[in-house]
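[1] Sequence isn't available, so here's the structure alone:
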């Protein structure tokens, strides 16, 4: 069965309130154009039409378009190419956002930011000019493509495994060596660490961990956009790790629109640098005038976050929204997971998934416990009434008066 991503009703309400529709009920609005979906979502205004070029649109990117309030999405590429069962386009359909895809790469040259465009069936129009025609997607059409992709998954898995094995030998030092982690102000030793990556279910998993966070006060580490997930939950990251291409400036400064962090206590920042020394995130932080530490390592930024926590002596690492399967990595656009495989082997003894922790720390009051509490309170009250004569007299008087009133009611109604 194809998985469904249920969106909050507030998304659909905001979309319906801000979108314009043609007489045929099709979305009309200003086009917002960008080949990088994450950049487009950051500047998309609710009610606008997103024009993207994103083959195999992943769930995280699709959710960012939903949160931004897209009235419709036009994808120059195929949203499901058939390489693997990609569920991202279903996020848009389940949110009630129309999707036309496979219009051709030339689409990005024909539509400019701010132009008014309109959906007409499987075509995109600008006034009386038909810009391009593609495939209008529905849940049924997407599910058929996803099911077909599952049949072909074996060949993709073989290529993925070969790529992973190819790089395992080159990155074996991640498993065998004690890595020279830079000095950090964040005190990891002997503490539990919560690492948050901006995965499809990260917000829900983080919300489920509230009892655990309140009780044990773990060190909180955000991986790129995971810092925004942390702030949106009303929490504050102690450390942010990544190349900083998908995290907001507000999160880097420890602030969000909804929850303000103390201006004097921003998170510590660690730039994940490539093994050849390049550190793209450093340029952005230099431009913002923010202090940071650079750590050179292969793999993903979430791998780096786990290695840092482990090497610094973390007692337990709880992972939220991390990538753990081949499909997760194909969504991320990676051909293999050698570094992640090695890192998971290394930190495995102290690594647990957020879903398991939330089940262990589910703060629910059992009915039996509640009945015992009420019973104990009633028993204590009875002892007090029997032990103290003033209370005894009061109870007898109250019961006598109540009985008299009930008898008067019975007589008045002729029972």
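    Received it, and whenever you're ready, just let me know what you need. As the structure is a computational prediction, the values presented were derived from the model and not from experiment. Numbering: from 1, shown residues only.

[2] which residues does residue 135 contact?
    Residues near residue 135 by C-beta atoms under 8 Å, 6 or more residues apart in numbering: 100, 101, 102, 122, 141. C-beta here means a position set from N, CA and C on the backbone, and glycine is covered the same way.

[3] ok, 7 Å please
    Contacts for residue 135 (C-beta atoms under 7 Å, 6 or more residues apart in numbering) come out as 100, 101, 102, 122.

[4] what's the nearest residue to the second one if we skip its chain neighbours?
    Just to be clear, that refers to residue 101. In this structure, residue 101 finds its nearest non-sequential neighbour in residue 75, 3.8 Å apart by C-beta to C-beta, 6 or more residues apart in numbering.

[5] Restricted to strands, list the contacts of residue 135.
    Using DSSP state E, the subset of the contacts of residue 135 located in strands is 100, 101.

[6] List the beta-bridge partners for the nearest residue to residue 33 once chain neighbours are set aside.
    Closest residue to residue 33 apart from its sequence neighbours, by C-beta to C-beta, 6+ apart: residue 51 at 4.4 Å. Note on residue 51: beta-bridge partners residue 33, residue 74, judged by DSSP bridges.

[7] In this structure the residue nearest to residue 101 contacts residue 56, no?
    No. With contact defined as C-beta atoms under 7 Å, residue 75 does not count as touching residue 56 (10.2 Å).

[8] which of the two has more neighbours?
    residue 75 (25 against 20; other C-beta atoms under 10 Å).

[9] What lies in contact with stretch 215-222?
    So stretch 215-222 is contacted by 186, 188, 191-196, 230, 235-241, 305, 309, 318, 361 (C-beta under 7 Å, 6+ apart).

[10] gap between the two ends of that stretch?
    20 Å (C-alpha to C-alpha, to the nearest Å).

[11] Buried ones in that stretch, by neighbour count?
    216, 218, 219, 220, 221, 222 (16 or more other C-beta atoms under 10 Å).

[12] Looking at those residues, which is nearest residue 182?
    residue 221 (14.5 Å; C-beta to C-beta).

[13] a strand runs through that closest one, doesn't it?
    Yes. Using DSSP: H, G, I helix; E, B strand; the rest coil, the secondary structure at residue 221 is a strand.

[14] That one and residue 317, how far apart?
    Relative to residue 317, residue 221 is positioned 9 Å away (C-beta to C-beta, to the nearest Å).

[15] what helices or strands is the strand or helix carrying residue 204 leaning on?
    For residue 204, the element it lies in under DSSP states H and E is helix 202-208. Here helix 202-208 touches helix 226-232, strand 316-320, helix 354-360, going by 3 or more C-beta pairs under 7 Å, 6 or more residues apart in numbering; DSSP states H and E.

[16] Much appreciated, bye for now.
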